[in-house]
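Novice: Have a look; sequence and predicted model below, questions after that.
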Amino acid sequence: MTSSTQAHPPGAATAHPDHLGHVVFIAASAAMGGFLFGYDSSVINGAVEAIRDRYDIGSAALAQVIAVALIGCAIGAATAGRIADRIGRIRCMQIAAVLFTVSAIGSALPFSLYDLAFWRVVGGIAIGMASVIGPAYIAEVAPPAYRGRLGSFQQAAIVVGIAVSQLVNWGILNAADGDQRGKLLGLEAWQVMLGVMVVPAVLYGLLSFAIPESPRYLISVGKHERARKILEEVEGSNVDLDARVGEIRAAMHREEKTSFKDLLGGSFFFKPIVWVGIGLSVFQQFVGINVAFYYSATLWQSVGVDPTDSFFYSFTTSIINIVGTVIAMIFVDRIGRRPLAIIGSVGMVIGLGLEAWAFSFDLVDGKLPATQGWVALIAAHVFVLFFALSWGVVVWVMLGEMFPNRIRAAALGVAAAAQWIANWAITASFPSLADWNLSTTYVIYTVFAALSIPFVLKFVKETMGKRLEEMG
């Protein structure tokens, strides 16, 4: 398709909705899946030691119980695209909401370690589905002029979910007199922590009934008039709506209906654009960002930080995460996706490198030397800040918009599945790597952050300001 401005429907490239607040509500509702991802990822931190004590398991088994949800995430991400293409984006969100709710209840009331692991897998499937459908749906309903900022709602919701879960855990622990296994509401405190997730899960399901179906899905199933009304709702009445419907329809009908085979091609199994998406996903995880949220308290305690202080440092990291995400939301549609990613990579290399240096020193009386301790603490916050203002947001935005219309949902599913598998690899391996050599572990993360720079420069194309019909 030509990218000439003459070929664009009048006003499409700079479409502004008549009611921006309504479009923001739509995007925020879809991003509730991201909130649940962040909440679920971090809430388990407050239950780790209680689960270890109740079921009398070692670190390796405990790490697998924590990480097993990520396998479910990969399954959910891999299947969500096909589900969304067959029954719609909204129905896919509603299935995810039901799975979230069931998982929260089951995790709060486990009979054994095995069914706790099972319920975590169920929740993981829901998270994986939400991780795919959220960015794809937001990209499909957002006007081009606002797509980057609205797309970044997904990551904003993730980091808010992380912070909220830590506050809820702290409140529950205080109510249980600081004992994770203390009794509260007839349950142990850690069970209440996991069960509270039922509240945002139900809210996610309710919100899915209040937002419209994606106009691109509606056009794919022949509901053109309904799609036209939704396009007017989200892009504004000044756009030539008939031309927009025709443009989307033509883009979809140039090739046959999506199948997994459409992702295949080139010299290495997948099409090059799919490999770029997989690369973005893997680099986002291999810098070790989730170590900061899955194991932050354990990490700080391992270098001599008092448990109470370790909770405080973990919470300040989440605040820095939110600040960085807000910075990204401000600049993602101003300076572009690629520049933000490169800036973030440089900052992460510095932060991770300094952490690796600090952790290379021997502990004195169970603690890092004062200078190295402060360097490690500051560097950890620098790392999280630069990740949040770049890769945390940019990857979700780009995965939602970089693929051609015909393969978007399926390709996003493959890329997101790769992200969950990479997340699992980092999460499951960190305890063993840290026991082996904490400094070398951070050197490995530093190397991946450095390699992400030439990857972006060579393979990633800018998507800022382009309409989805131009991708590919």
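Specialist: Great, that's in hand. Numbering: from 1, shown residues only.

Novice: where's Pro339 relative to Leu352, distance?
Specialist: Here Pro339 is placed at a distance of 20 Å from Leu352 (Cβ to Cβ, to the nearest Å). In short, each C-beta sits where N, CA and C put it, glycine included.

Novice: of the two, who's got more company?
Specialist: Neighbours were counted for Pro339 and for Leu352 using other Cβ atoms under 10 Å; Leu352 has more, 27 against 17.

Novice: And the strand or helix carrying Val234, what's buried?
Specialist: Using DSSP states H and E, Val234 maps to helix 224-235. Of all the residues in helix 224-235, those buried under the rule 16 or more other Cβ atoms under 10 Å are 224, 227-228, 230-235.

Novice: could you point out which element follows the helix or strand containing Gly351?
Specialist: Per DSSP H and E, Gly351 falls inside helix 337-359. Using DSSP H and E, the helix or strand that directly follows helix 337-359 along the chain is helix 370-388.

Novice: which residues sit against that next one?
Specialist: In this structure, residues lying in contact with helix 370-388 by Cβ atoms under 8 Å, 6 or more residues apart in numbering are 155, 159, 287, 289, 292, 303-305, 313, 316-317, 320-325, 327-328, 343-348, 350-355, 357-359, 361, 367-368.

Novice: rewinding a little: packing partners for the helix holding Gly351?
Specialist: Helices and strands touching helix 337-359, by 3 or more Cβ pairs under 8 Å, 6 or more residues apart in numbering; DSSP states H and E, are helix 370-388, helix 391-401, helix 408-459.

Novice: helices and strands around the last one, which ones?
Specialist: Just to be clear, that refers to helix 408-459. Helix 408-459 is packed against helix 59-87, helix 113-141, helix 272-286, helix 291-294, helix 296-302, helix 337-359, helix 391-401, with contacts defined by 3+ Cβ pairs under 8 Å, 6+ apart.

Novice: any weak-confidence spans in the protein?
Specialist: 1-18, 251-262, 264-268, 294-295, 297-299, 301-303, 305-311, 465-472 (pLDDT under 70).

Novice: burial measure for Ile83, as a count.
Specialist: Neighbourhood size, Ile83 [other Cβ under 10 Å]: 20.

Novice: which one is it nearest to, not counting chain neighbours?
Specialist: Distances taken as Cβ to Cβ, 6 or more residues apart in numbering put Cys92 closest to Ile83, at 5.0 Å, once the chain neighbours are dropped.

Novice: And stretch 234-250, what's buried?
Specialist: Quick answer for stretch 234-250 (16+ other Cβ under 10 Å): 234-236, 239, 241, 244-245, 247-249.

Novice: What about those, which are in helices?
Specialist: Among the buried residues of stretch 234-250, DSSP state H puts 234-235, 241, 244-245, 247-249 in helices.

Novice: so Asp179 sits in a helix?
Specialist: No - using DSSP: H, G, I helix; E, B strand; the rest coil, the assignment for Asp179 is coil, not a helix.

Novice: Run the chain-centre distance for stretch 154-171.
Specialist: Averaging C-alpha positions (Cα atoms, centre = their mean, to the nearest Å) puts stretch 154-171 13 Å from its chain's average.

Novice: and the contacts of helix 370-388, which are buried?
Specialist: By neighbour count, with 16+ other Cβ under 10 Å, the contacts of helix 370-388 hold 155, 159, 287, 289, 292, 303, 305, 313, 317, 320-321, 323-325, 327-328, 344-348, 350-355, 357-359, 361, 368 as buried.
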